[in-house]
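Participant: with the input below, show me the fold.
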Amino acid sequence: MNKCVLLMLSLTLLSLSGCAVAPWERGILAKAQMALEPHPSQTEYRGHTYGSREAASGSSSGAGGGCGCY
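Facilitator: Sure thing, here's the model as predicted:
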């Protein structure tokens, strides 16, 4: 039973270590194509503009009350 606990503990520690990336490799791996939002400030601005034009609470959900032009 002691060996089983030791085996489980070692497997847990190995799984928690994960895949570590060295700090100098992060610039190589962090490419612009991998970003969820390539231009986050532009996306935020467009969302604000769309919400202002719709004149509704919650710009991307439900029925709008504005002109609907975008």
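
Participant: pLDDT weak spots in this protein?
Facilitator: Across the chain, the stretches falling below the confidence threshold (pLDDT under 70) are 1, 17-19, 54-70.

Participant: secondary structure class of the residue with the shortest distance to the centre of it, three-state.
Facilitator: Taking C-alpha atoms, centre = their mean, the centroid of the chain lies closest to residue 36, which sits 6.3 Å from it. Assigned by DSSP: H, G, I helix; E, B strand; the rest coil, the conformation of residue 36 is coil.

Participant: measure it to residue 43 for me?
Facilitator: As defined by C-beta to C-beta, to the nearest Å, residue 36 lies at a distance of 10 Å from residue 43. The C-beta positions use only the backbone N, C-alpha and C, and glycine is treated the same way.

Participant: any residues in contact with both of these two?
Facilitator: Any residue near both residue 36 and residue 43 by C-beta atoms under 8 Å, 6 or more residues apart in numbering counts here, and not one turns up.

Participant: residue 37 and residue 47, how far apart?
Facilitator: Here the criterion is C-beta to C-beta. By it, residue 37 lies 11 Å from residue 47.

Participant: who's more crowded, these two?
Facilitator: Under the neighbour definition other C-beta atoms under 10 Å, residue 37 and residue 47 were set side by side, and residue 47 has more, 12 against 9.

Participant: name the element residue 44 belongs to?
Facilitator: Assigning secondary structure by DSSP states H and E places residue 44 in helix 40-54.

Participant: let's verify residue 21: helix, strand, or coil?
Facilitator: Taken by three-state DSSP, the conformation at residue 21 corresponds to coil.

Participant: now it: phi and psi?
Facilitator: Here is the backbone geometry of residue 21 (degrees, to the nearest 10): phi -110, psi 130.

Participant: please report how far the residue nearest to it when sequence neighbours are not counted lies from residue 38.
Facilitator: Counting by C-beta to C-beta, 6 or more residues apart in numbering, the nearest residue to residue 21 once its immediate chain neighbours are dropped is residue 29, at 6.3 Å. Distance, residue 29 to residue 38, using C-beta to C-beta: 17 Å.

Participant: and if you look at residue 8?
Facilitator: Here the criterion is C-beta to C-beta. By it, residue 8 lies 43 Å from residue 38.
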